[in-house]
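build me a model:
(chains A, B, C and D)
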Protein chains: 2
Amino acid sequence: MKKSSATRHTILEKAFEIIYTKGYQTTSIDEIIATTKVTKGAFYYHFKTKDEMGLAIINEILKPTMQNDFIKPLQNAKNPTQEIYDMTKALLLENPLLKLEYGCPAGNLTQEMTPWNAAFGKALSELILEWQQTIENSIKSAKENGTIRENVDPQQVAYFIMSGYWGIRNFGKVYNSTACYHSYLKELKIYLNNLA
Amino acid sequence: MKKSSATRHTILEKAFEIIYTKGYQTTSIDEIIATTKVTKGAFYYHFKTKDEMGLAIINEILKPTMQNDFIKPLQNAKNPTQEIYDMTKALLLENPLLKLEYGCPAGNLTQEMTPWNAAFGKALSELILEWQQTIENSIKSAKENGTIRENVDPQQVAYFIMSGYWGIRNFGKVYNSTACYHSYLKELKIYLNNLA
DNA sequence: TTGTATTCATACTAATTAGTATTTTTTATG
DNA sequence: CATAAAAAATACTAATTAGTATGAATACAA
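Below you'll find the model as predicted:
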């Protein structure tokens, strides 16, 4: 009951890395078991199908990462606009897991899988909704403590910020340069300041 | 020299539609020739490889569409902030080619192909750069005629707007509802008004 | 130790993939 | 009409794909 769950976890972690760089559908089981040095028998003992593994990646790898890097920085926020900016900057420029040329893992999966795989869509929308609500709540609390104007709509702002993050990640990919990140961050700061 | 280029064009158009909904790599030549009712011999007469066809889609299908729906509305703009808003709204809610559940064709291709196919990356970055420069120019002209503040950075604003568009397209996909589009548009209007 | 369930290993299958070789039909031009 | 080139049709190949069938180790409780 110990070594077994370890192999399961290494499969998920390695598979996540490959999928993050290459996409879900173009990542083959054969490639996953080759890099993890796990046999096909072991793989299919832990996961009934490839999609079951994909969903496990969302729930057991992506979700905790999201929790740690996208949710926690905004909880108990004292100055939400500042913390949102800091988090975005950290995600774009400092996070060791996220790479310029590979975009946002959740964004990638959303774009690739959502239109034709309902199970992935559901798992991802739950993930994303959590982030959205965290941002909304931080805006609400900022309205209460007066650091943000009364007439600001938290949901609108959340969509605006999240969209911007996903979008600029795509720009990073296509231009393959952090220059657009810096440019984006400057404008984000102006936008956030205008909420006060 | 006439019927031939017609079959070539139908291949590109049909292939584009399938790729838009399913992604490039999961769209097989067999599926393309089945839906276009063109034989494999004809396909490979017109395109040496699948990638050659993919690049032709970018240059011969995506580019003109981009020109028409993303560039033209901003040229000779008299009130850029208004026209940027109108264009975004039209793209999100009124464009008959773009579907809620399938996102932005250029964005999809960028995310899927850019990390590991340099030719696609180059073609797409050229496409996107054109849009970016059009937005920047419209901001510049608005600064000149005084409808936008002097201290606004056109490039930053361009990135911010384009990122938002790409990002909210992803949200439309995952939530599968135009509600987030409306919410986003409201906030976009506020953001654009703040540029004045 | 022995037996039993868990975990993993090996060798396969059927379907799908991009691409090719070859032949046939169509088109344009003298 | 004749003919050469362009355009398209047919039948294949070799590689890759997700998944399976079956057998072998391993762990662990009695």
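
burial of residue A:25, as a residue count?
Each residue near residue A:25 was counted by other CB atoms under 10 Å in any protein chain shown, and the total is 17. Glycine gets a C-beta too; all of them are placed from N, C-alpha and C.

same check on residue A:18?
Residues lying near residue A:18 (other CB under 10 Å) number 18.

distance-wise, check the nearest residue to it once chain neighbours are set aside relative to DNA strand D.
Nearest non-adjacent residue to residue A:18, counting by CB to CB, 6 or more residues apart in numbering or on different chains: residue A:27, 4.9 Å away. Residue A:27 sits 7 Å away from DNA strand D, going by CB to the nearest atom of the strand, to the nearest Å.

swap in residue A:41?
Distance, residue A:41 to DNA strand D, by CB to the nearest atom of the strand: 5 Å.

how about the helix or strand where that residue lies, does it reach DNA strand C?
Using DSSP states H and E, residue A:41 falls within helix A:40-46. Yes. Using CB under 7 Å from any atom of the strand, helix A:40-46 comes into contact with DNA strand C via A:40-42, A:45-46.

what residues sit buried inside that helix?
Neighbour-count burial for helix A:40-46, counted by 16 or more other CB atoms under 10 Å in any protein chain shown, picks out A:42-43, A:46.

sort out which one of these lies nearest DNA strand C for me.
For the buried residues of helix A:40-46, the residue nearest DNA strand C by CB to the nearest atom of the strand is residue A:42; the value is 3.7 Å.

contacts only, for that closest one.
Each residue near residue A:42 by CB atoms under 8 Å, 6 or more residues apart in numbering or on different chains is listed here: A:7, A:11, A:33.

tell me the secondary structure at the residue nearest to residue A:18.
coil (DSSP: H, G, I helix; E, B strand; the rest coil).

grab the most central residue of chain A for me.
With distances taken as CA atoms, centre = their mean, residue A:106 lies nearest the centre of chain A, 4.3 Å away.

closest residue of chain A to DNA strand C?
Residue nearest to DNA strand C within chain A: residue A:41 (1.6 Å; CB to the nearest atom of the strand).

how far away is that residue from residue B:65?
Using CB to CB, to the nearest Å, residue A:41 is found at 49 Å from residue B:65.

likewise residue A:152?
On the measure of CB to CB, residue A:152 and residue B:65 end up 36 Å apart.

likewise residue A:110?
In terms of CB to CB, residue A:110 sits 23 Å off from residue B:65.

how about the strands of chain A, start to end?
Counting by DSSP state E, chain A has no strands to list.

about what we covered before: okay, the contacts of residue A:42 in a markdown table with neighbour count next?
A markdown table is the format used below for the contacts of residue A:42 (neighbours: other CB atoms under 10 Å in any protein chain shown):
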| residue | neighbour count |
| --- | --- |
| A:7 | 16 |
| A:11 | 22 |
| A:33 | 19 |
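
so which residue of chain A lies furthest out from the middle?
Relative to the centre of chain A, the most outlying C-alpha is that of residue A:41, 30.9 Å out, by CA atoms, centre = their mean.

contacts only, for it.
Per CB under 8 Å, 6+ apart, neighbours of residue A:41: none.

do that again at 10 Å, thanks
For residue A:41, the contact set (CB atoms under 10 Å, 6 or more residues apart in numbering or on different chains) comprises residue A:33.
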